[in-house]
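J.: Provide a 3D model corresponding to the input given below.
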Amino acid sequence: MKPPYTITDKILHSVVAVSEKIGAVNISHLYKPATELRKKNRIKTIQSSLEIEGNTLTEEQITALLENKRVIAPKKDIIEVKNAIKVYAQLQKFNPYQLKDLERAHAILMNGLIDNAGKLRTKNVGIVKGSQVKHLAPNGTMVRGLMKDLFAYLKNSKELLLIKSCVFHYEFEFIHPFIDGNGRMGRLWQTLILMQQYPVFEFLPVEHLIKQRQKTYYAKLSEADSKGNSTPFIEFMLDIISEALDELLQSQNKTLYAEDRIQLFKEKIGKNKFVRKDYLQAFKHISAPTASRDLKWATEQNIIIKFGEQRLTEYRFK
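T.: Predicted coordinates:
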């Protein structure tokens, strides 16, 4: 059954804008940033997502933990960060369309923090803010069925993936399938869903912008609850995604060097043989002599193997 939401003009405009920006990212070869930036963005993502949940560790402290250095901080906060580092490092190993993978990810994320990590709740819960119950989650006996329905929508709906990822995020928070850790899991799983079609999302710190607009984030979840559909939340999340892509495009307007181009092309072509023309098609802004210099450099560095001479020359990555 399709979760309730309406495709508004605002959503359509946002989808077009996001799609155009993803196109610009791909043209600029920014879909997989340099190693140092990937590390920096991953740290920013982990810090932001956990700070939303009350974690006190800074980006510097998380960096220290990544480097196996000693950090003085509350034990619970350190466990949360170490767990998040583990689960984000394994993102490529999770299938976003499988409930068992979601349970496995939650088991890693909440290991040592709750007794039933990785287990869907069977008890009834409510989210309390101050003295008020802000959200009464569905009955515990309904959780597994609701999650199966949500995954069926994710797998089978012909809706655009951008929209489905936002719907999943909202519905996940509404169902509140685990006793704890639902906020960080919902954000992580939307990232995982988007990565399937758009690799840029693996290292795009969307959570950093959510943290900056945390009050609005929770307000939109509440508004969607009261309206009985996820439309307000979809609109909000598409704005956040669009803004994150803007930041990437503005901050990463850099020149690619031979080593960058060779690495990007290796990821695209794999072990298949190729010719200079294939390389030029991947980097339309460079000249034929530049392509030849790139390939000569890669051959000299023992990165690629050269076969034949002149017009018959072919290449393959080692």
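J.: next helix or strand past the helix or strand residue 296 falls within?
T.: If you go by DSSP states H and E, residue 296 is part of helix 288-300. Downstream of helix 288-300, the next assigned helix or strand under DSSP H and E is strand 304-307.
J.: can you list the strands that that following strand pairs with?
T.: strand 314-317 (antiparallel) (DSSP bridges).
J.: now the strand it pairs with: average pLDDT?
T.: For strand 314-317, mean pLDDT rounds to 94.
J.: poorly predicted segments of this protein, please.
T.: By pLDDT under 70, the low-scoring segments of the chain are 29-35, 128-135, 251-255.
J.: residue 271 contacts residue 304, doesn't it?
T.: No. At 10.8 Å, residue 271 does not count as touching residue 304 under the criterion of CB atoms under 8 Å. All C-beta atoms are positioned from the backbone trio N, CA, C, and that covers glycine.
J.: of the two, which one has the most company?
T.: residue 304 (22 against 8; other CB atoms under 10 Å).
J.: so where do the helices sit in the stretch 151-300 of the chain?
T.: 161-175, 182-195, 206-212, 214-227, 231-251, 258-269, 276-282, 288-300 (DSSP state H, counting those that start in this stretch).
J.: in terms of secondary structure, what does the fourth one contact?
T.: In this structure, helix 214-227 packs against strand 132-136, helix 161-175, helix 231-251, with contacts taken as 3 or more CB pairs under 8 Å, 6 or more residues apart in numbering; DSSP states H and E.
J.: of all those, which lies closest to residue 308?
T.: helix 231-251 (39.6 Å; CB to CB).
J.: contact partners of that closest one?
T.: Residues from elsewhere that reach helix 231-251, judged by CB atoms under 8 Å, 6 or more residues apart in numbering: 5-6, 8, 10-11, 14-15, 17-18, 21-22, 24-25, 28, 30, 162-163, 165-167, 169-170, 190, 194, 200, 204-206, 208-210, 213, 216-217, 220-221, 223-224.
J.: next one: stretch 59-75
T.: 39, 43, 44, 46, 47, 56, 57, 78, 81, 82, 85.
J.: just those now: which is nearest residue 147?
T.: Nearest to residue 147 among the contacts of stretch 59-75, with distances taken as CB to CB, is residue 46, at 24.8 Å.
J.: that closest one: neighbour count?
T.: Around residue 46 there are 27 residues (other CB under 10 Å).
J.: buried stuff in the helix or strand where it lies?
T.: For residue 46, the enclosing helix or strand under DSSP H and E is helix 35-52. Neighbour-count burial for helix 35-52 flags 37, 40-52 (criterion: 16 or more other CB atoms under 10 Å).
J.: name the nearest residue to the residue positioned nearest the centre of the chain, ignoring sequence neighbours.
T.: A centroid search over the chain (CA atoms, centre = their mean) returns residue 191, at 2.7 Å, as the residue closest to the centre. Counting by CB to CB, 6 or more residues apart in numbering, the nearest residue to residue 191 once its immediate chain neighbours are dropped is residue 201, at 5.5 Å.
J.: hmm, that neighbour is touching residue 188, no?
T.: No. Counting by CB under 8 Å, residue 201 stays clear of residue 188, with 11.2 Å between them.
J.: who's more crowded, these two?
T.: residue 188 (26 against 22).
J.: identify the residues contacting that one.
T.: Each residue near residue 188 by CB under 8 Å, 6+ apart is listed here: 49, 87, 88, 91, 105, 109.
J.: what's the distance between it and residue 272?
T.: 33 Å (CB to CB, to the nearest Å).
J.: cool, residue 288 as well?
T.: Residue 288 is 21 Å from residue 272, by CB to CB.
J.: now swap in residue 162 and tell me
T.: 30 Å.
J.: what about these two, which has more around it?
T.: Taking other CB under 10 Å, residue 162 and residue 272 do not tie; residue 162 has more neighbours (21 against 10).
J.: tell me which helix or strand the residue nearest to that one when sequence neighbours are not counted sits in.
T.: Nearest residue to residue 162, sequence neighbours excluded (CB to CB, 6+ apart): residue 15, at 5.6 Å. For residue 15, the host element (DSSP H and E) is helix 9-27.
J.: gap between that helix and the chain center?
T.: 17 Å (CA atoms, centre = their mean, to the nearest Å).
J.: mind listing what's buried in it?
T.: Across helix 9-27, burial judged by 16+ other CB under 10 Å covers 11, 14, 15, 17, 18, 21, 22, 25.
J.: looking at these, which is nearest residue 136?
T.: Nearest to residue 136 among the buried residues of helix 9-27, with distances taken as CB to CB, is residue 11, at 27.4 Å.
J.: ok and the helix holding residue 296 relative to helix 258-269, angle-wise?
T.: 80 degrees (axes from the mean of the first three to the mean of the last three CA atoms, to 10 degrees).
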